[in-house]
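S.K.: Give the three-dimensional model of this entry:
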Amino acid sequence: MQLNRSTLLVAAVAVLLLAAVGAATAVTPEAQPDQPAKQIDVAGSAEVSAQPDQAVLRLGVVATAEDVQTARDQVAENLTAVRTALTELNVSEDQIETGYYDVGEVHQRPETEKTTEYRAIHTLEVTLDDTERVGDVIDTAIDSGANRVDGVSFTLSEERRHELRQDALEKAMDRARTDADTLANSSGLHVIGASSISASDVSVSPYRVEETMMTADAAGGSASTTIESGPVDVTASVQVVYNATSA
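M.R.: As a prediction, this is how the structure comes out:
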């Protein structure tokens, strides 16, 4: 019986020791501090170009007279004729809107001032979905009374702008990932995914024709106006934070 009691005592002590070791092993990972997250912060930008599918013309009428009413009447008469001619050219009313209107006194130098003059200006913005019609519209406007052309902007329709915006963002993301991989490889890391992404406003840069001032005399002649367009640029930028692990 004495031997059996000793055996039982030793066994009980062994069980207690094993339980203590197991408990210590279970809490050890919780005592270890968390490893700091590895992150790579990069920026990516891209530019895509396309031919314009829309043009915006800025043209109008300027008149100068010794009284305000005469200047206003002259501008109103000529601009009405311009609008009529454009609609006859199949330019719809919703493609024409007022760009600028002003009536004011012409300021002259004191030494040359003889009489007070007033100037009236009324300009239109004409949006065309066919960029090949720009020259015809300018010629028609001038022939019907317009004496001012402030320039032409070749740009993109909303649908085309959206398509190129997506292309620019995708290319910007590709460049950001390429840069992140390069930095990771040189640091013994491996990119595992993005933790945050932000995109700046996508910008569209129309192709602009230099501002041109035209008078009735300069517009004379039978030669037609030809305006050459150029590519429209769309740019996008992104900022991406990637998570990384040791390679």
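S.K.: Every contact and neighbour count from this point should use C-alpha atoms.
M.R.: Fine.
S.K.: And for the closest residue to E66 other than its chain neighbours, the neighbour number?
M.R.: The shortest distance from E66 to any residue other than its chain neighbours is 4.4 Å, reached at E117 (C-alpha to C-alpha, 6 or more residues apart in numbering). By the criterion of other C-alpha atoms under 10 Å, E117 has 17 neighbours.
S.K.: what's the answer for K171, then?
M.R.: Other residues near K171 number 20, with proximity taken as other C-alpha under 10 Å.
S.K.: picking that back up, ok now do the residue nearest to E66, which residues does it touch?
M.R.: Listed by C-alpha atoms under 8 Å, 6 or more residues apart in numbering, the contact set of E117 reads 64-67, 105-106.
S.K.: which of those residues are buried?
M.R.: Applying a neighbour-count criterion of 16 or more other C-alpha atoms under 10 Å, the buried members of the contacts of E117 are 64-65.
S.K.: The contacts of E117 in strands, which ones?
M.R.: Cross-referencing these with the strands (criterion: DSSP state E) gives 64-65, 105-106 as the overlap.
S.K.: In JSON lines: those residues, plus pLDDT.
M.R.: Shown next, in JSON lines, are the ones in strands among the contacts of E117 (pLDDT from 0 to 100):
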{"residue": "T64", "pLDDT": "95"}
{"residue": "A65", "pLDDT": "95"}
{"residue": "E105", "pLDDT": "91"}
{"residue": "V106", "pLDDT": "89"}
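S.K.: quick one: which of the residues you listed is nearest to Q95?
M.R.: Within these, the smallest distance to Q95 is 27.9 Å, found for T64 (C-alpha to C-alpha).
S.K.: Packing partners of the host helix or strand of R160?
M.R.: For R160, the enclosing helix or strand under DSSP states H and E is helix 158-186. On a contact count with 3 or more C-alpha pairs under 8 Å, 6 or more residues apart in numbering; DSSP states H and E, helix 158-186 meets strand 38-50, strand 189-199, strand 232-246.
S.K.: Q74 reaches A63, doesn't it?
M.R.: Yes: counting by C-alpha atoms under 8 Å, Q74 touches A63, with 6.3 Å between them.
S.K.: Which residues are in contact with V75?
M.R.: V75 neighbours (C-alpha under 8 Å, 6+ apart): 61-63, 120-122.
S.K.: so what's the residue minimising distance to the centre of the chain up against?
M.R.: In the chain, the C-alpha nearest the mean C-alpha coordinate belongs to S203, at 2.0 Å (C-alpha atoms, centre = their mean). By C-alpha under 8 Å, 6+ apart, the residues touching S203 are 234-236.
S.K.: got a winner among these for most neighbours?
M.R.: The residue in the contacts of S203 with the most neighbours, by other C-alpha under 10 Å, is A236 (25 neighbours).
S.K.: Poorly predicted segments of this structure, please.
M.R.: Where the chain drops to pLDDT under 70, the residues are 1-36, 108-114, 211-223.
S.K.: domain ranges for it?
M.R.: If you go by automatic domain parsing, the domain ranges for the chain are 35-52+157-211+232-247, 54-155.
S.K.: So which of those is nearest T226?
M.R.: Within these, the stretch nearest T226 is domain 54-155; the backing value is 5.1 Å (C-alpha to C-alpha).
S.K.: if we can go back for a sec, which of the helices and strands packed on helix 158-186 is buried the deepest?
M.R.: Each of the helices and strands packed on helix 158-186 was scored by mean neighbour count; the highest is strand 232-246, a mean of 20, by mean count of other C-alpha atoms under 10 Å.
S.K.: That one to strand 38-50, inter-axis angle?
M.R.: Angle of strand 232-246 versus strand 38-50, following axes from the mean of the first three to the mean of the last three C-alpha atoms, to 10 degrees, is 160 degrees.
S.K.: which residues sit in contact with T140?
M.R.: Contacts for T140 were tallied using C-alpha under 8 Å, 6+ apart; they are 82, 85-86.
S.K.: okay if I get those as JSON lines plus distance to Q51?
M.R.: Formatted as JSON lines, the contacts of T140 follow (distance: C-alpha to C-alpha, whole Å):
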{"residue": "V82", "distance to Q51": "29"}
{"residue": "A85", "distance to Q51": "28"}
{"residue": "L86", "distance to Q51": "25"}
